[in-house]
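A.B. asks: Sequence below, structure please.
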Amino acid sequence: MIDDIAALGRWALARFAGLGFGFRFLVRLSWLSLLSLRRPRLIIEQLYFIGNRSLSIITISGLFVGFVLGLQGYYTLQRYGSSEALGLLVALSLTRELGPVVTALLFAGRAGTSLTAGIGLMKAGEQLAAMEMMGVDPMSRVLAPRFVAGVIAMPLLAAMFSAVGVMGAYIVGVQIIGVDSGSFWSQMQAGVDIRNDIGNGVIKSMIFGVICAFIALFVGHEATATPEGVSHATTDTVVASSLVVLGFDFMLTGLMFGGF
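C.D. replies: Got it, this is the predicted structure:
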């Protein structure tokens, strides 16, 4: 019994130590990210790699999510004689929740794993150690520009996801099913608030960008310098990012929309 309690205590201390190390890592990475703004070329390169190459999966996913929202939303609203509110339903669903959350999950699966694998392979190939030997800080030169690019790219990708999703719902709801086009757009414009709906969605996506980019870089930086270690690190990135994003989404929704 005493041995079990001691083992539990050691496990808890190790977890708290890991959280403390991760927090210090985030603080230093955030400071170096501000300094990296003086070298925009590095950030632009990573924006192309992270954002532009993720655009195809974001737009295609957003289109099909819009198709589904348009179809399911129409049949749900039709029961209550409110099918004209389809545009409002789709817009609020995308800007408040689905846009930031689904984009973050797709970002973690595509760009996050790529960041983790890239940093892990650089560590396994001793490239990070070689940079330190030459007097170059790897966090400042390699990690910080990727972190800034991830934070910038996430809101842009989420906005693209939401915009394409609305167009997908328009195609299904108006062009195929036959919802009145004027009602679709007018109720959307009247019911969506820029500050409370779109603004909070942008804040969510920026926070999710910080979460996904930080987890991807931290896990890659701390990965075991072996092929198996890099493989496990990419899996850990997707799992951790997805769980943390969903947990923060619940808390942010409660804070932003009056749940708490």
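
A.B. asks: List the buried residues in stretch 195-202.
C.D. replies: Neighbour-count burial for stretch 195-202 flags D197, I198, N200, G201, V202 (criterion: 16 or more other Cβ atoms under 10 Å). C-beta here means a position set from N, CA and C on the backbone, and glycine is covered the same way.

A.B. asks: residue contacts, the fourth one?
C.D. replies: When you say that, I think you mean G201. By Cβ atoms under 8 Å, 6 or more residues apart in numbering, the residues touching G201 are T95, R96, G99, P100, A158, S162.

A.B. asks: out of those, what pair is the most spread apart?
C.D. replies: Greatest spatial distance among the contacts of G201 (Cβ to Cβ): R96 and A158, at 11.1 Å.

A.B. asks: Show me the residue sitting in the middle of the chain in space.
C.D. replies: Centroid check for the chain by Cα atoms, centre = their mean gives A104 as the closest residue, at 2.4 Å.

A.B. asks: how about the spatially closest residue to that residue that is not a sequence neighbour, what does it touch?
C.D. replies: The shortest distance from A104 to any non-neighbouring residue, by Cβ to Cβ, 6 or more residues apart in numbering, is to F208 (3.8 Å). Contacts for F208 (Cβ under 8 Å, 6+ apart) come out as P100, V101, T103, A104, F107, M154, A158, V245, F248, D249.

A.B. asks: So which of these belong to strands?
C.D. replies: With DSSP state E as the criterion, strands contain none of those.

A.B. asks: Among these, which one lies nearest to I43?
C.D. replies: M154 (14.0 Å).

A.B. asks: For that closest one, the count of nearby residues, please.
C.D. replies: Residues within reach of M154, counting by other Cβ atoms under 10 Å, total 29.

A.B. asks: With adjacent residues omitted, what lies nearest to it?
C.D. replies: Spatially, and ignoring its direct neighbours in sequence, M154 is nearest to G209 (3.0 Å; Cβ to Cβ, 6+ apart).

A.B. asks: and the strand or helix carrying the one you found, how far from the chain's centre?
C.D. replies: If you go by DSSP states H and E, G209 is part of helix 200-221. The chain centre lies 6 Å from the centre of helix 200-221; the measure is Cα atoms, centre = their mean, to the nearest Å.

A.B. asks: what's the next secondary structure element after the host helix or strand of M160?
C.D. replies: Here M160 sits within helix 144-170, counting by DSSP H and E. Downstream of helix 144-170, the next assigned helix or strand under DSSP H and E is helix 181-191.

A.B. asks: residues in contact with that next one?
C.D. replies: E84, A85, L86, G87, L88, V90, A91, L92, V166, Y170, G173, V174.

A.B. asks: ok, now stretch 61-77?
C.D. replies: 83, 85-86, 89-90, 93-94, 98-99, 102, 106, 160-173, 177, 179.

A.B. asks: rerun at 7 Å
C.D. replies: 83, 85-86, 89-90, 93, 98, 102, 106, 160-161, 164-169, 172-173, 177, 179 (Cβ atoms under 7 Å, 6 or more residues apart in numbering).
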